[in-house]
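below are the sequence and a predicted model for it; my questions follow.
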Amino acid sequence: MRRYHHIGIPTSQPRLGERHLAHLKVFVVGYENSEYGVEWMRFEADAPIPELVRLVPHVAFEVSDLASELEGREILITPNSPSDGVRVAFIVENGAPIELLEFTDPNHPDRRIPKV
């Protein structure tokens, strides 16, 4: 299962309401208030993030099995946990970064539940 989750757009400008993910050296904002999942990302100069993710917007998909989604893919960022209850990894698809998220906590606040 793959379900659209958000689009991450790199920026160099601070934005009101940014949340700092200190262990990743990134600031994020917008996702929680965006009907379409638009998230702005600003990186500290020494953030351990590949240039492709720093410069090119990425699309993120929620997946049910992160390990199987990574099989045979070009992995850009290895699986990690930006917060409790979620695992993420980045791959390269047709030259673009793609984020894959697996929620290990079905009630995680960042999980996008489709509206029926």
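Sure, I can see it. Numbers count the residues shown, from 1 in each chain.

geometric centre of the chain: which residue is closest?
Geometric centre of the chain, nearest residue: Glu99, 5.1 Å, by C-alpha atoms, centre = their mean.

check contacts around that one.
Applying C-beta atoms under 8 Å, 6 or more residues apart in numbering, we find Glu99 in contact with His5, Gly8, His58, Val59, Ala60, Phe61, Val88, Ala89, Phe90. Where you see a C-beta, it was placed from the backbone N, CA and C, and this is true even at glycine.

confirm that the last one sits in a strand.
Yes. Counting by DSSP: H, G, I helix; E, B strand; the rest coil, Phe90 is found in a strand.

and it, bridged to which residues?
Beta bridges link Phe90 to Ile77, Glu99, judged by DSSP bridges.

repeat for the second one
On the basis of DSSP bridges, Gly8 takes part in beta bridges with Glu39, His58.

next one: it from Ala96, what distance?
11 Å (C-beta to C-beta, to the nearest Å).

what touches both of the two?
Common neighbours of Gly8 and Ala96, counting by C-beta under 8 Å, 6+ apart, are His58, Val59.

just want to know which of the two has more residues nearby.
More neighbours surround Gly8 than the other of Gly8 and Ala96, with 23 against 12 (other C-beta atoms under 10 Å).

give the contact list for the more buried one.
Counting by C-beta under 8 Å, 6+ apart, Gly8 has contacts Val28, Glu39, Trp40, Met41, Val53, Pro57, His58, Val59, Ala60, Glu99.
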